[in-house]
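# Structure for this input, please:
(chains A and B)
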Number of protein chains: 2
Amino acid sequence: MAPNNYLLIIERKREMKNVNVAIVGATGAVGTKILEKLVERNFPAKSIKLLASKRSAGNEIKAGGNTYIVQETTPEAFEGIDIAFFSAGGSISEMFAHEAVKRGAVVIDNTSAFRMDKNTPLVVPEVNPKELTKHSGIIANPNCSTIQMVAALKPIKDQYGLNRIIVSTYQAVSGAGVEAIDELSEQSKQFSDRSEIQAEVLPSASAKRHYPIAFNAIPQIDSFDESGYTLEELKMINETKKIFNDYEMSVAATCVRLPVVSGHSESVYIEIDQDNVTTSEIQALLEKAPGIVLQDDPTAQLYPMPLYAEGRDEVFVGRIRKDLNHPKGFHLWVVSDNLLKGAALNSVQIAEELIN
Amino acid sequence: MAPNNYLLIIERKREMKNVNVAIVGATGAVGTKILEKLVERNFPAKSIKLLASKRSAGNEIKAGGNTYIVQETTPEAFEGIDIAFFSAGGSISEMFAHEAVKRGAVVIDNTSAFRMDKNTPLVVPEVNPKELTKHSGIIANPNCSTIQMVAALKPIKDQYGLNRIIVSTYQAVSGAGVEAIDELSEQSKQFSDRSEIQAEVLPSASAKRHYPIAFNAIPQIDSFDESGYTLEELKMINETKKIFNDYEMSVAATCVRLPVVSGHSESVYIEIDQDNVTTSEIQALLEKAPGIVLQDDPTAQLYPMPLYAEGRDEVFVGRIRKDLNHPKGFHLWVVSDNLLKGAALNSVQIAEELIN
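Numbering: from 1, shown residues only, chains lettered A, B, ... in the order given. Here you go, the predicted model:
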């Protein structure tokens, strides 16, 4: 190791001890997981400030043997903060992210507010870490369903080229927040009690009509745009192209909400550039890919399932098989905990890359 | 009306009165629905004989104000039977269908036993009714997930040509029988009581390993073949080609079981032959198609959902939209009650076509 590099590492280590962290939306489904991941991964934070709405201010949250008092999100709350995780909805990010940047923080934003902004890198550390050098204060964490898919497809794209993706999702309710988890639980009880089903949260709190999610599948996540696609589908399409920096690639998505607590599943069809690639070669590639767990043995009934992915950091891939008609077509089944790799973990990994 | 036609109708009415019907598997999820549909649709049966295993013999089943006594399935039970509905699993069909045919019955078989047999028509009455004239005693009812898909795609294929289908399914547990419905119900209670989850039925009773379906998604329906595809996926692929009598068409399927009681949903991607077709034109086509209900208005959050398709005879189609990259590509969301149009209703419709 050259002396210059050594000195640089010493310098960085000193900086790391000085990281003051804030979590905006700290009481939410993702915010609480960000705090858990910071503690679990020994993130070198000097302090962690939990921010939420005025309503939640004063609440206590325990993690890693410490008790944190939730404070109200205000512009001044970001004074002295080095890294601010935002996960309180797009409007809060729009309101406060620039205030945080103005006060010297780097914002890692888990909402869709800045994802498609030209000056905002959209980062999955295993996929496009170099983008992190290009930020001007804000780094966007991609949509949960996008992250797990691009993480699984990146090794394939690098090795064989990738020109087409058609994905149908099987998404958990936790992606719609704590209220949606509670709603699924309540509705499941109402069903077994044969009492009236109350639906007030899904498909989205702001929607005009709400439908039961228990024992149902709702083909709407987020609202519709005039093209007939939902914003969730457009996020998957546009974010995938941005993360892969490939705007020639054909990407299509259908996004569906399921009665699953946590863990998004995806039925992914891809077309690669190379001829004569075998299923075993793709399996071998994914087996050694960072952050990926290959669970693919039909004879042993081994394949990923959301119930078993909950609480796990990795992206699980299985059911890999060649299309029976298209020689360059393959099918995959990709599952990951949408609150972890899909949100909190990826945000913390971005922060780790930043300080390393 | 010409006098000849009138006489013909009289003649048919006389014949219709003479139809003696048997239902094999009469105590099962589909068998009970076949009886319900025969009664509800005033099927002109002179008699209805309910057949099942020795274990169920003697049980009483009530329908349409009548009480039926379940009898054991034996070769002799088919004496005098004109139409025999089979829905008791492939091995029972293999054992008794030819016995029924030998005794003069036409068998309408809801299992996969004869579906790919060259001499057995595989029929969805709205799609390929002419095949009914070609039977040699046995007519196969297609797989539930195939029926609703081909019913939705038939008008599109006729009008614009269809060369490619990629489908991901969201299938209800009732497709795996009454035991699977009970298992989902029990597991849902076990989850809310936080007691241990018992899994003994799904993905299939004969599988070595069983997984919980409540709050989960299982990417296995039926067993695997050596290609890595499940038999359910191969059924969808091969049956679709046979029903459309188009072996050049590219068909791919990924089949997934969900915690939904009844109602299969499908995310279907298609490529048509014609250029410049609009979403509105496809909507207009499906709106007037027999047995199809178009539920497609994003601004009103109108789209098909399995919870609302349960107990309904029709195939519901929505979320129709053009692919953003492929000018001949379209996406559809297709939902239907797998026990009705997917099984019992289609079988009864085949019988109605036969006697008309």
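
# Identify the residue nearest residue A:192 in space, chain neighbours excluded?
Counting by C-beta to C-beta, 6 or more residues apart in numbering or on different chains, residue A:192 lies nearest to residue B:189, which is 5.6 Å off, once chain neighbours are set aside. Heads up, the C-betas are built off the backbone N, CA and C, glycines and all.

# In terms of helices and strands, where is that neighbour?
Secondary structure here is read from DSSP states H and E; on that basis residue B:189 sits in helix B:178-192.

# For that helix, which helices and strands make contact with it?
If contacts are counted by 3 or more C-beta pairs under 8 Å, 6 or more residues apart in numbering or on different chains; DSSP states H and E, helix B:178-192 sits against helix A:178-192.

# mind listing what's buried in the helix it packs on?
Within helix A:178-192, the residues that count as buried by 16 or more other C-beta atoms under 10 Å in any protein chain shown are A:178, A:180, A:181, A:183, A:184, A:185, A:186, A:187, A:188, A:190, A:191.

# Relative to chain B, how far out is the second one?
Here residue A:180 is placed at a distance of 13 Å from chain B (C-beta to the nearest C-beta, to the nearest Å).

# tell me the contacts of that residue?
With contacts defined as C-beta atoms under 8 Å, 6 or more residues apart in numbering or on different chains, the neighbours of residue A:180 are A:173, A:174, A:201, A:202, A:213.

# so which of these comes closest to residue A:287?
The shortest distance between residue A:287 and any of the contacts of residue A:180, using C-beta to C-beta, involves residue A:174 and amounts to 28.3 Å.

# Leaving out chain neighbours, which residue sits closest to the closest one?
The spatially closest residue to residue A:174, leaving aside those adjacent along the chain, is residue A:262, at 4.4 Å (C-beta to C-beta, 6+ apart).

# ok, the one you found - how many residues close by?
23 (other C-beta atoms under 10 Å in any protein chain shown).

# For it, what is the enclosing helix or strand?
In this assignment (DSSP H and E), residue A:262 forms part of neither any helix nor any strand.

# got it, and the one 4 residues further on?
Residue A:266 belongs to strand A:264-272 when elements are defined using DSSP H and E.

# which secondary structure elements does that strand contact?
For strand A:264-272, the elements it packs on are helix A:144-160, strand A:162-170, strand A:329-336, judged by 3+ C-beta pairs under 8 Å, 6+ apart.

# Among the ones you listed, show me which one is buried the most.
strand A:329-336 (a mean of 26; mean count of other C-beta atoms under 10 Å in any protein chain shown).

# Which neighbouring elements make contact with that one?
With contacts defined as 3+ C-beta pairs under 8 Å, 6+ apart, the secondary structure elements packing on strand A:329-336 are helix A:144-160, strand A:264-272, helix A:306-309, strand A:315-322, strand B:250-254.

# need these in JSON lines with distance to residue B:29 and mean pLDDT, can you?
Listed next are those as JSON lines, based on distance: least, C-beta to C-beta, whole Å; pLDDT from 0 to 100:
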{"stretch": "helix A:144-160", "distance to residue B:29": "33", "mean pLDDT": "98"}
{"stretch": "strand A:264-272", "distance to residue B:29": "26", "mean pLDDT": "98"}
{"stretch": "helix A:306-309", "distance to residue B:29": "24", "mean pLDDT": "98"}
{"stretch": "strand A:315-322", "distance to residue B:29": "27", "mean pLDDT": "98"}
{"stretch": "strand B:250-254", "distance to residue B:29": "22", "mean pLDDT": "98"}
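
# out of these, nearest to residue A:224?
Closest of the helices and strands packed on strand A:329-336 to residue A:224 is helix A:144-160, at 16.9 Å (criterion: C-beta to C-beta).

# so what's residue A:119 closest to, chain neighbours aside?
Of all residues not flanking residue A:119 in the chain, residue A:136 sits nearest, at 5.2 Å (C-beta to C-beta, 6+ apart).

# The one you found: what's it in contact with?
Taking C-beta under 8 Å, 6+ apart, we find residue A:136 in contact with A:101, A:119, A:120.

# Could you do residue A:143 as well?
Residue A:143 makes contact with A:112, A:115, A:232, A:235, A:236, A:239, A:342 under the criterion C-beta under 8 Å, 6+ apart.

# how close does the second one get to residue A:234?
Read it as residue A:115. Here the criterion is C-beta to C-beta, to the nearest Å. By it, residue A:115 lies 11 Å from residue A:234.

# SS state for residue A:127?
When the structure is reduced to helix, strand and coil (DSSP: H, G, I helix; E, B strand; the rest coil), residue A:127 reads as coil.

# what's the residue nearest to it when sequence neighbours are not counted in contact with, if anything?
Take residue A:127 and drop its neighbours on the chain: the residue closest to it by C-beta to C-beta, 6+ apart is residue A:154, 4.6 Å away. For residue A:154, the contacting residues are A:124, A:126, A:127, A:244, A:289, taking C-beta under 8 Å, 6+ apart as the criterion.

# Spell out which residues of the stretch 101-250 of chain A are next to chain B.
Taking C-beta under 8 Å from any C-beta of the partner chain as the test, the list of the stretch 101-250 of chain A residues beside chain B reads A:166, A:168, A:170, A:184-185, A:188-189, A:191-192, A:203, A:207-209, A:211-212, A:215-220, A:224, A:227-229, A:237, A:250.

# Could you list the low-pLDDT ranges of the stretch 1-150 of chain A?
The stretch 1-150 of chain A contains residues with pLDDT under 70 at A:1-17.

# if you set the cut-off to 90 instead, what comes out?
In the prediction, the stretch 1-150 of chain A carries residues with pLDDT under 90 at positions A:1-18, A:64.

# can you pull out the helices in it?
Listed in chain order, the helices of the stretch 1-150 of chain A (DSSP state H, counting those that start in this stretch) span residues A:3-17, A:29-40, A:90-102, A:144-160.

# Determine which stretch of the ones you listed is the most buried.
Burial among the helices of the stretch 1-150 of chain A, expressed as mean neighbours by mean count of other C-beta under 10 Å, is greatest for helix A:144-160, which shows a mean of 24.

# Distance from that one to the middle of the chain?
In this view, helix A:144-160 has its centroid 13 Å away from the chain centroid, taken as C-alpha atoms, centre = their mean, to the nearest Å.

# Export that helix to PDB, keeping only CA atoms.
Only the C-alpha atoms of helix A:144-160 are listed here, as PDB (Å, rounded to 0.1, in the frame of the first residue of the first chain):
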ATOM      1  CA  CYS A 144     -38.000  -1.200  -3.400                       C
ATOM      2  CA  SER A 145     -39.200  -3.300  -6.300                       C
ATOM      3  CA  THR A 146     -36.500  -1.800  -8.600                       C
ATOM      4  CA  ILE A 147     -33.600  -2.400  -6.200                       C
ATOM      5  CA  GLN A 148     -34.000  -6.200  -5.800                       C
ATOM      6  CA  MET A 149     -34.500  -6.600  -9.600                       C
ATOM      7  CA  VAL A 150     -31.500  -4.700 -10.700                       C
ATOM      8  CA  ALA A 151     -29.400  -6.300  -8.000                       C
ATOM      9  CA  ALA A 152     -30.300  -9.700  -9.400                       C
ATOM     10  CA  LEU A 153     -29.900  -8.700 -13.100                       C
ATOM     11  CA  LYS A 154     -26.600  -6.700 -12.800                       C
ATOM     12  CA  PRO A 155     -24.300  -9.700 -12.900                       C
ATOM     13  CA  ILE A 156     -26.300 -11.100 -15.900                       C
ATOM     14  CA  LYS A 157     -26.200  -7.700 -17.700                       C
ATOM     15  CA  ASP A 158     -22.400  -7.400 -17.200                       C
ATOM     16  CA  GLN A 159     -21.700 -11.000 -18.400                       C
ATOM     17  CA  TYR A 160     -24.200 -11.500 -21.200                       C
END
